[in-house]
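Q: I'll drop the sequence and a predicted model, then ask my questions.
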Amino acid sequence: MTSLQAMAAADLVLFNGKVFTAEPGQGLVQAVAVQDGKILQVGTDAQINALADEAHPAHRPGGKVLMPGMIDTHSHPVVAAFDSMGATLLDEVKPLPELEQWIIEQDRAGRARAGDVISIAGVSSAYWENSRQLGLRFNQGRWADQPLVFSGIDGHTGWANNAMLKRLKIDAALVESLSESERSYVGHEKDFTPTGYFAESRWDQVRSQIPPPTPQVMLQAAREAVRVNNQYGVTA
């Protein structure tokens with residue numbers, strides 16, 4: 001579309017910002033013109049300001065960054081239903097002493113075990129920034145020989161303590177042997193010692209070793225997922 005056509009069509013003009021385009025060579029520009037929710041033109045303030053008129057004045061983002069929205073609409077209904085049947089944090093962030101006590105209580109109530117592994121679901125990603133602190137608390141004392149796994153609420157990340165890593169034979173030598181791309185999915189120190197954090201394909205490999213639920217439990221979880229989906233009008 002030519003600039004003249006854009007001038008006649010633009011119904012929203014944003015300028016004096018930092019517009020991220022994701023286009024090689026012009027990752028950031030100053031302004032953008034939009035029509036019916038579609039981007040017509042990006043460029044300098046002078047170029048794009050010319051597209052505003054009295055009916056559609058220009059708006060100033062105040063130097064802030066404007067970027068495409070990232071909307072991820074996929075879900076894990078059966079996994080979420082299964083998680084709800086056990087020990088789940090539901091994205092709540094607890095101080096570590098309180099978290100430890102809560103896990104102990106969940107285990108005593110019979111909600112936290114998958115085989116001999118204590119498995120906690122619905123864990124907030126806020127915990128991953130403190131992987132070392134998780135290790136300091138959950139790699140000693142009662143946890144030294146007790147496999148413990150935290151499954152992220154996003155379904156793509158998680159954390160395992162040293163007892164679980166030992167069982168899975170995940171150590172510094174293994175991390176160092178990974179390709180650079182695979183290693184990026186493993187939290188580790190400079191000497192490649194794993195911190196317990198995993199993402200994407202590497203997390204899939206960790207959680208695949210958590211003892212699976214019985215077929216009866218999975219069937220119950222599937223039925224619960226269908227019930228909730230129907231209740232809220234969710235379609236696959």
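A: Arrived safely.
Q: ok, and the closest non-adjacent residue to the residue positioned nearest the centre of the chain?
A: Of all residues in the chain, the one closest to the mean position by C-alpha atoms, centre = their mean is D154, 4.7 Å from it. In space, and not counting its chain neighbours, D154 is closest to S125: 6.4 Å by C-beta to C-beta, 6 or more residues apart in numbering. C-beta: built from backbone N, CA, C; applies to glycine.
Q: D145 reaches N161, doesn't it?
A: No - with contact defined as C-beta atoms under 8 Å, D145 does not reach N161; the gap is 10.0 Å.
Q: between the two, which one's more packed in?
A: More neighbours surround N161 than the other of D145 and N161, with 22 against 8 (other C-beta atoms under 10 Å).
Q: surely the more buried one meets N139?
A: Yes - counting by C-beta under 8 Å, N139 is a contact partner of N161 at 5.4 Å.
Q: helix or strand right after the helix or strand containing G196?
A: Following DSSP states H and E, the helix or strand that holds G196 is strand 194-199. Of the helices and strands lying after strand 194-199 in sequence (DSSP H and E), the nearest is helix 200-207.
Q: what helices or strands is that following helix leaning on?
A: Identification of packing neighbours for helix 200-207 by 3 or more C-beta pairs under 8 Å, 6 or more residues apart in numbering; DSSP states H and E yields strand 148-152, strand 157-160, helix 162-168.
Q: can you rerun that using 6 Å?
A: strand 157-160 (3 or more C-beta pairs under 6 Å, 6 or more residues apart in numbering; DSSP states H and E).
Q: Can you give the strand pairings for the strand it packs on, parallel or anti for each?
A: Strand 157-160 sits in its sheet next to strand 148-152 (antiparallel), strand 194-199 (antiparallel), going by DSSP bridges.
Q: And for that strand, what's in contact with it?
A: Outside of strand 157-160, the residues within contact range by C-beta atoms under 6 Å, 6 or more residues apart in numbering are 134, 149-152, 196-199, 203, 206.
Q: Likewise for stretch 23-40?
A: 6, 9-15, 18-20, 41-45, 48, 51.
Q: Now with 8 Å, please.
A: 1, 6, 9-21, 41-45, 47-49, 51, 58, 66 (C-beta atoms under 8 Å, 6 or more residues apart in numbering).
Q: are any of these buried, and which?
A: Buried members of those, counted by 16 or more other C-beta atoms under 10 Å: 6, 9-10, 12-17, 19, 21, 41-43, 45, 47-49, 51, 58, 66.
Q: partner residues bridging A33?
A: As for beta bridges, A33 partners with V13, Q41 under DSSP bridges.
Q: quick one: pLDDT of it?
A: Here, the pLDDT recorded for A33 equals 86.
Q: Would you quantify the distance from it to N49?
A: From A33 across to N49, the span is 9 Å (C-beta to C-beta, to the nearest Å).
Q: Give the burial count for E92, as a bare number.
A: 13.
Q: show me the contacts for the nearest residue to it once chain neighbours are set aside.
A: Leaving out its chain neighbours, the residue that sits closest to E92 by C-beta to C-beta, 6+ apart is S124, at 6.9 Å. By C-beta under 8 Å, 6+ apart, the residues touching S124 are 89, 91-93, 152-153.
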